[in-house]
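In: sharing a model prediction with you, sequence too.
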Amino acid sequence: MMATLDDLLWSYQSLIYGLGTNAILGLSMYAVLQLGQLSLGQAAFMGIGAYTGALLTLRLGLPFPLVLAAAAMVPALAALVIGGPTMKLSGVHLAIATIGLGEVLRVAYINTDAMGGALGLSGIPEKSTFAIIFGLLAVILAGFILASRSKIGRACEAIREDEAAARVMGIDVSAYKMTALVISAALAGLAGALNAHFSSFIGPNEFAFEAAVSILSFAILGGVTTPFGPVLGAFVLTALPELLRPFHDFRLVFNGLIIVLVVIFLPRGILGFRIRRTGG
Amino acid sequence: MLTVETLSRTFTGLIAVDDVSFAVTPNTIHSLIGPNGAGKTTLFNMISGLLPPSGGTIAFQGGDITALPPHRRARLGLGRTFQNLRVFGEMTVLENVLTGMHPRLGVAWPLAVLRSPAARAEERAGLAKAQALLAKVGIADHARRPAADLAYGDQRRLEIARALASDPALLLLDEPAAGMNPTETAALGDLLLELRQEGLTILLVEHDMGFVMRLSDRLTVLNFGRKIAEGGPAEIRDDPTVIEAYLGTKVARKLAGAAA
Ligand SMILES: Nc1ncnc2c1ncn2[C@@H]1O[C@H](COP(=O)(O)OP(=O)(O)OP(=O)(O)O)[C@@H](O)[C@H]1O
Ligand SMILES: [Mg+2]
């Protein structure tokens, strides 16, 4: 009896924590999609952050704030390095290049014993708390809202609508895209480390194609016209599988169906409104 | 102001701009005319930096800008509009103009994001300036509407206001009168003359010969990518090579009519 109750609490706790980290992942996707950049590297960056964080905790026992900072910075550096060559790519080419990154890393994790190989890393201490996860989410969300209301947000929207026109307006589109990719990688890495420190286990297959697509779907469902969209999208798509537990076999079908319906009937996502700014 | 030297651009199997040189004098309206496909828009794309030339150089206000990216050219005072309208459709008309102001908004980004007093003041001043520009081009009534909802002619005027927002020294206008009725076209002509009066230099591409002849201080004529003539309105009107280039077109009849 007690054991079932504990199980229940434990499973809800991980659901609630998952809502928070997935919302951060949704915002990571938002950072690039709001410029019209289709990067599917979020899962790969999340993996870099998760492994960085887990290894620093397990091997060096660093304090958690330091671990989180490193988990954001290492993927940000990786984004800086791969950003140069991939920035010249656009549309589907960038998407494919970033999917490739995830697959390369997956093979690298499997073949590196120091990273736990195919078995992954287990026994990661539970350091993520409700306050840490949702506190960080609140700060990040507030940052995005403020930015999108400023001239920065105006420039981002211009880039999303018409890149060539934005360039001619004096907007340094390449700098915006690079910055967005770096921020996006840092947030994904942060979410990855937060995740690792409550799920206690990470494995090489968690950060590949499937994860990339589900992070993308948070943003597509919610929409990227405001930062609220991807957060709501992440909440819905994280909670839904739990609510649909009785229809276990159909869960993935439901998720897929929702995405298809949204893309067809609500191409701007369920929250398609625009953020209000000067002159709006 | 602007000096284009032996500029060329080839697309696979096609020379769109072929060894073109000309110079635009400050504080003039200089027109670039030629039949469809002559290479006028391609030239604009190279001058504004959206398309790298295959050869040749572009100098602006004394400096070589051939290798500069478009946003740097905008900062130096080069503005343009597009032949195929490219307003930011979901933004309001005012927001479009504020976007054009981007290179002149100097507040550092952290202050802008945190809405510091300086940032708020800058946005307020920008809004007032944007409203004045909309009044100037005659679309102040539409200020808060999404740009995509505007009529064709109004979107053209919005593009001009958006380009003027960065206080350019040289404005490139690609067929600004296209799709406008005669009354709108006349008003646009008055506006361009007023802008020149205020010190702006304009490089104009336009098919409406009455409009071009009324406004231009100087004209450069392109045909099949090559420069075939250059001079004042009277010279160009009487130039047999120009009349021949336009032969059989409506423009040829207009030129003939104007010469008579
Ligand atoms: N991106 C491109 N790729 C291939 N060919 C192009 C491209 N852009 C323009 N061209 C070709 O280059 C030539 C010049 O085109 P351009 O648009 O510069 O002409 P234009 O003088 O502006 O004509 P119009 O008066 O019709 O606007 C045309 O033959 C056009 O088809
Ligand atoms: Mg053209």
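Out: Arrived safely, thanks for sending. Remember, it's a predicted structure, so these values are computed and weren't measured experimentally. Ligands and ions are numbered 1, 2, ... in the order given.
In: can you list the residues of the stretch 51-200 of chain B near ligand 1?
Out: residue B:83 (CB under 6 Å from any ligand atom). Bear in mind the C-beta positions are built from the backbone N, C-alpha and C, glycine included.
In: what's the burial count for the closest residue to ligand 1 within the stretch 51-200 of chain B?
Out: When scored by CB to the nearest ligand atom, the stretch 51-200 of chain B has residue B:83 as its residue closest to ligand 1, at 5.5 Å. A count of neighbours around residue B:83, defined by other CB atoms under 10 Å in any protein chain shown, yields 16.
In: show me where the stretch 51-200 of chain B has helices.
Out: Under the criterion DSSP state H, counting those that start in this stretch, the stretch 51-200 of chain B carries helices at the ranges B:70-76, B:93-100, B:109-113, B:117-137, B:152-164, B:182-197.
In: cool, and chain A?
Out: Here chain A has its helices, by DSSP state H, at A:2-33, A:42-55, A:64-87, A:91-110, A:130-149, A:151-161, A:163-168, A:173-199, A:209-222, A:228-243, A:251-265.
In: buried deepest among the ones you listed, which one?
Out: helix A:42-55 (a mean of 30; mean count of other CB atoms under 10 Å in any protein chain shown).
In: gap between it and the chain center?
Out: The chain centre lies 11 Å from the centre of helix A:42-55; the measure is CA atoms, centre = their mean, to the nearest Å.
In: and what of stretch B:158-178?
Out: Using CA atoms, centre = their mean, the offset of stretch B:158-178 from its chain centre is 5 Å.
In: please see if that stretch touches chain A.
Out: Yes: taking CB under 8 Å from any CB of the partner chain as the criterion, stretch B:158-178 and chain A are in contact, through B:162, B:166.
In: follow-up on the earlier one: and the helices of chain A as a markdown table, adding distance to ligand 1 and mean pLDDT?
Out: Formatted as a markdown table, the helices of chain A follow (distance: least, CB to the nearest ligand atom, whole Å; pLDDT from 0 to 100):
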| stretch | distance to ligand 1 | mean pLDDT |
| --- | --- | --- |
| helix A:2-33 | 27 | 84 |
| helix A:42-55 | 33 | 96 |
| helix A:64-87 | 21 | 91 |
| helix A:91-110 | 17 | 84 |
| helix A:130-149 | 33 | 96 |
| helix A:151-161 | 21 | 96 |
| helix A:163-168 | 12 | 96 |
| helix A:173-199 | 19 | 95 |
| helix A:209-222 | 31 | 88 |
| helix A:228-243 | 35 | 89 |
| helix A:251-265 | 30 | 77 |
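In: closest one to ligand 2 among those?
Out: Set against ligand 2 and scored by CB to the ion, those come closest in helix A:163-168, at 14.6 Å.
In: does chain B sit close to that closest one?
Out: Yes: applying CB under 8 Å from any CB, one finds helix A:163-168 in contact with chain B at A:164-168.
In: before we move on, back to that, got the phi/psi numbers for the residue of the stretch 51-200 of chain B closest to ligand 1?
Out: phi -60, psi -50 (degrees, to the nearest 10).
In: surely it meets residue B:177?
Out: No: counting by CB atoms under 8 Å, residue B:83 stays clear of residue B:177, with 11.2 Å between them.
In: give me the common contacts of those two.
Out: By CB atoms under 8 Å, 6 or more residues apart in numbering or on different chains, residue B:83 and residue B:177 have no common neighbours.
In: got the confidence number for residue 40?
Out: Going with chain A. Reading off the confidence values, residue A:40 has pLDDT 84.
In: you answered for a different chain; I wanted chain B.
Out: Reading off the model, residue B:40 has pLDDT 97.
In: alright, I will stop here.
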